[in-house]
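Q: let me see the structure of the following:
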Amino acid sequence: MPGTPPLRKMRSLGPMDNQEHPDSGASGRRRSRWIAAAVALVLAPAVAAPPSAWTVAVMAALALAVAMLAWPAGRLDRAAGGIAVLSPVADAAYFGPPGLVLLWFPVEAAALLVLLYRVVRHVPPPRAAVAGALTGAAFLALPLRFTLHAPQTGLKESVFVVALALFPAAAATGVGLYLRSLDNRRARAVALARREQRLEVARDLHDFVAHEVTGIVLEAQAGQLEADGSGPEEHRALLLRIEQAGLRALDSMDQTVQALREADGRKWDEPPPTRLYGLADLPELVGRFSSMAASEVDLSLEDDIAGTLAREAEDTAYRVVLEALTNIRRHAPQAARVEVFAGRTADRAVEIAVADDAGPSAPAPTRHGGGTGLAGLAERVSALGGTLEAGPHEKGWRVRCVLPAPAMR
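A: Residues are numbered from 1 along each chain as shown. Coordinates of the predicted model:
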């Protein structure tokens, strides 16, 4: 309506966290080539060395490869812990001359320091404490590789070299902790900015959008009073459906505003609560659409399909159907028949499809216009490992979503 302030647009704030993410695509391939070259370079001197040297050479190459790989935070502690356990085992298994291991000592020491830094910075506590302690202990024990195999070395010398190793270990830990605190500070700032944006949107929804929807409901109610006892029955039924749709919109808006405002009472890194729908809610959704559209809707819901997906995946599937039906109402009101399908594919994935028979008469841009609903849903589906396709078919327009088995409970 004229004079109504527009709803504020939320700025996109990318994810800010202290977790590492694996490389993908060209970046991952480049990293793999660098790792392969580094491992080959580390192992090359062992070709001309005695067979006993392969024990420490392979250990150094393995530690270097693990340190160079891009690990997700959920696996980095396990990788570092594995190297921390294998390193002293390799020391105990080596029986060659102490001087020979000088070739690989710097490589393994540097790899352990890098792993220690990455664990301290990126792995969530308390796993970071355990993996960090193991990696630090492995680094401190590394100089004993010389003292244990040198008969002339006494206890005093062994304690001295371990004490010297404390300094680089402490430096790696300190750098990791400092950068972790910076990561947490940035993540907190982003989370607080998002919270403020949510509250701004909640205020706009309450002050402006809810006001206009309430006006629509009141107009529909007034129209029913005017038409009571006179006028065609279908007009009164239409006004009643408008009133019911407006009341449902107000109810949904109240829930959204409440969820957005509840973020103030939650931790800064805790997402606000939202209502989740599922495949079991599809009959009600289709029924509402049928009551307000001239199209005949055929819902095919496979037995026992509801509840087979994780909650977030089920909610995404429901929203795909909701967006598809909304687009049909807006862009293809001439559709006589709409088919909604939810079932399993041959590989046990869940397929959601919505198709109409409106024909190809409407130009393609009008079928896409009006917002970014499908684009946003495509991102959600992709995050769950699925696919979302929207385009013309032989009779009209079809939206198809496939959520794979990994998204299941």
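
Q: wait, Ala336 touches Ser295, no?
A: Yes - with contact defined as CB atoms under 8 Å, Ala336 counts as touching Ser295 (6.2 Å). C-betas here are computed from N, CA, C, even on glycine.

Q: which one of those two has more residues nearby?
A: Ser295 (21 against 12; other CB atoms under 10 Å).

Q: contacts only, for that one.
A: By CB atoms under 8 Å, 6 or more residues apart in numbering, the contact set of Ser295 is 289, 328, 335-338, 356.

Q: next, format the residues you listed as a markdown table and append pLDDT.
A: Below are the contacts of Ser295 laid out as a markdown table (pLDDT from 0 to 100):
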| residue | pLDDT |
| --- | --- |
| Phe289 | 82 |
| Ile328 | 87 |
| Ala335 | 87 |
| Ala336 | 89 |
| Arg337 | 91 |
| Val338 | 93 |
| Asp356 | 93 |
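
Q: in helices, which of those residues fall?
A: Counting by DSSP state H, the part of the contacts of Ser295 found in helices is 289, 328.

Q: mind giving me the PyMOL select for the contacts of Ser295, buried ones only?
A: Selection of buried members from the contacts of Ser295 for PyMOL, criterion 16 or more other CB atoms under 10 Å:
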select buried, resi 289+328+335+338+356
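
Q: what residues sit buried inside stretch 57-68?
A: For stretch 57-68, by 16+ other CB under 10 Å, it's 57-67.

Q: hmm, back to that, ok, the contacts of Ser295 vs Gln255, which is closest?
A: Phe289 (20.0 Å; CB to CB).

Q: quickly note the distance from that closest one to Glu212.
A: 23 Å (CB to CB, to the nearest Å).

Q: try Leu144
A: In terms of CB to CB, Leu144 sits 75 Å off from Glu212.

Q: which one of those two is surrounded by more residues?
A: More crowded of Leu144 and Glu212, by other CB under 10 Å: Leu144, with 16 against 11.

Q: ok so, going back, quick one: the contacts of Ser295 as CSV, columns for distance to Arg400 too.
A: Listed next are the contacts of Ser295 as CSV, based on distance: CB to CB, whole Å:
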residue, distance to Arg400
Phe289, 18
Ile328, 14
Ala335, 17
Ala336, 21
Arg337, 17
Val338, 14
Asp356, 13
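
Q: restricted to strands, list the contacts of Ser295.
A: Among those, DSSP state E puts 337-338, 356 in strands.

Q: wait, which of the residues you listed is closest to Arg33?
A: Arg33 lies nearest to Asp356 out of the ones in strands among the contacts of Ser295, by CB to CB, at 49.5 Å.

Q: dump the residue contacts of that closest one.
A: 295, 328, 332, 335, 337-339, 395-398.

Q: how's this protein carved up into domains?
A: The chain is divided into the following domains under automatic domain parsing: 25-153, 197-265, 279-407.

Q: let's have the ones you listed in JSON lines, adding distance to Asp183.
A: Below are the domains of the chain laid out as JSON lines (distance: least, CB to CB, whole Å):
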{"stretch": "domain 25-153", "distance to Asp183": "7"}
{"stretch": "domain 197-265", "distance to Asp183": "21"}
{"stretch": "domain 279-407", "distance to Asp183": "22"}
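
Q: so for Ala189, which of these sits nearest?
A: Set against Ala189 and scored by CB to CB, the domains of the chain come closest in domain 197-265, at 12.8 Å.

Q: helices and strands around the helix or strand harbouring Arg198, which ones?
A: Assigned by DSSP states H and E, Arg198 falls within helix 155-204. Contacts defined by 3 or more CB pairs under 8 Å, 6 or more residues apart in numbering; DSSP states H and E place helix 155-204 against helix 105-122, helix 127-141, helix 144-147, helix 233-261.
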